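# Got a predicted model here, sequence first, then my questions.
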Amino acid sequence: MLKIGIVLGSVRQGRNGEAVANWTKDFAEKRNDSAEYEIVDLADYNLPFLGAAVPEAGQQEAEAAIKAWSEKIASFDGYIFIAPEYNHAVGGAMKNALDYLNPEVNNKAAGFVGYGSLGGTRAHENLRLILGELQVADVRTAVTFSLMTDFENFSEFKPAVHHENNANEMLDQLLSWSGALKTVR
């Protein structure tokens, strides 16, 4: 059985990402694929900024967070990145978290579910570049939720039904690639 991590890529207070991640997990599980889905929330990992000095008093905590993040991400065969768009790119917390990884994600596949004024598409473009360097094969179809039409008052998640088509295509592609790449690892 394939294990797919749904990586919630925002740590902001009041973020919309939790609702999007939960919708994604529920939608994926209802398909009854031969896959197991788990939400991985970046807010649960207190990762220091890569390369920044960590006070000695917090060194053990920082090392434990990095180790836990690395081990959790390594445990999956593929990923769905829940990517909000900040300033035409992926958020800093997700970029920082990805910078801690390399062999953990090599030869695995990723799909994208985004949200923002343009559905997170520019965050997806940015992630495609980052993940390419990490030897992650990203799938073509993405799910893009608009803050204008899929969120009431920009905060209450009410996705339009038409997103289900893209979600099904993205999941079909992700599971296919994740299974194929498992034979390479």
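Right, received. Where do you want to start? Numbering: from 1, shown residues only.
# C-alpha only now, for contacts and for neighbours.
Will do.
# And the top helix by length along the chain, what does it pack against?
Using DSSP state H to define each element, the chain has its longest helix at helix 163-182. Using 3 or more C-alpha pairs under 8 Å, 6 or more residues apart in numbering; DSSP states H and E, the elements in contact with helix 163-182 are strand 2-8, strand 78-86, strand 108-116, strand 136-146.
# Name the residues of the helix or strand encompassing residue 122 that are buried.
In the assignment (DSSP states H and E), residue 122 maps to helix 121-133. Within helix 121-133, the residues scored as buried using 16 or more other C-alpha atoms under 10 Å are 121, 122, 123, 124, 126, 127, 128, 130, 131.
# Can you pull up the most central residue in the chain?
residue 81 (1.8 Å; C-alpha atoms, centre = their mean).
# That one against residue 109, yeah?
No. Residue 81 lies out of contact with residue 109 (C-alpha atoms under 8 Å); the separation is 10.7 Å.
# Distance of residue 70 relative to residue 16?
25 Å (C-alpha to C-alpha, to the nearest Å).
# If you could redo that for residue 100, that was the one I meant.
Residue 100 is 25 Å from residue 16, by C-alpha to C-alpha.
# What of residue 169?
Distance from residue 169 to residue 16, by C-alpha to C-alpha: 23 Å.
# In terms of neighbours, single out the busier of the two.
residue 16 (19 against 15; other C-alpha atoms under 10 Å).
# quick one, what contacts that one?
Applying C-alpha atoms under 8 Å, 6 or more residues apart in numbering, one finds that residue 16 lies in contact with 155, 156, 157.
# so what's residue 87 up against?
No residues are in contact with residue 87 under the rule C-alpha under 8 Å, 6+ apart.
# scratch that, residue 173
Going by C-alpha under 8 Å, 6+ apart, the list of residues near residue 173 reads 139, 140, 141.
# Neighbours of residue 79, how many?
Neighbours of residue 79 using other C-alpha under 10 Å come to 27.
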